[in-house]
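Asks: Quick check, what structure comes out for this input:
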Amino acid sequence: MGYDPAVTTPELRLFEPAQFPAGTPIATATPDPATGQYTFTALDAPSTYIVAVYVRATDADPFDSRTVRTEPSQATQVAPDFNLPP
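Replies: Reported below is the predicted structural model:
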């Protein structure tokens, strides 16, 4: 079963590093269909988090992930874009 963006909406999960990948995420989000952007709000800063992308909300294993460092009073952008399967 492949990734079809017309049918499948990926889920993003935010983890504390010690909880990744098998622990409970702090929060989840789905990207905006038009822009692909997503937001996690009210995060501690400075702190380090793992943002992981799951092809389907039911998937147990992430397809891709990024380590993100937050800074006080600043929006943090995760770049480059996550890799999703063809």
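
Asks: Looks like Thr67 contacts Pro17 (just checking).
Replies: Yes: contact status for Thr67 versus Pro17: in contact at 7.4 Å, counting by Cβ atoms under 8 Å. Where you see a C-beta, it was placed from the backbone N, CA and C, and this is true even at glycine.

Asks: anything in contact with each of those two?
Replies: Contact with both Thr67 and Pro17 is made by residues 48-50, according to Cβ atoms under 8 Å, 6 or more residues apart in numbering.

Asks: Filter those down to just the ones in strands.
Replies: Within the shared contacts of Thr67 and Pro17, residues falling in strands by DSSP state E are 48-50.

Asks: Find the residue at the geometric middle of this protein.
Replies: Against the mean C-alpha coordinate of the chain, by Cα atoms, centre = their mean, the closest residue is Leu12 at 3.2 Å.

Asks: what's the helix or strand for it?
Replies: strand 11-15 (DSSP states H and E).

Asks: Other residues contacting that strand?
Replies: Contacts for strand 11-15 (Cβ under 8 Å, 6+ apart): 21, 23, 25-31, 38, 40, 43, 49-54, 56-57, 59, 62.

Asks: Just the buried ones from the residues you listed, in PyMOL syntax?
Replies: Only the buried entries of the contacts of strand 11-15 go into this PyMOL selection, using 16 or more other Cβ atoms under 10 Å:
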select buried, resi 25+26+29+31+38+40+49+50+51+52+53+54+62
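
Asks: Any regions of this protein where pLDDT drops low?
Replies: Residue ranges of the chain with pLDDT under 70: 1-8, 79-86.

Asks: Check which helices and strands the very next helix or strand once past the strand holding Leu12 sits against.
Replies: Downstream of strand 11-15, the next assigned helix or strand under DSSP H and E is strand 27-29. Helices and strands touching strand 27-29, by 3 or more Cβ pairs under 8 Å, 6 or more residues apart in numbering; DSSP states H and E, are strand 11-15.

Asks: Many thanks, we can stop here.
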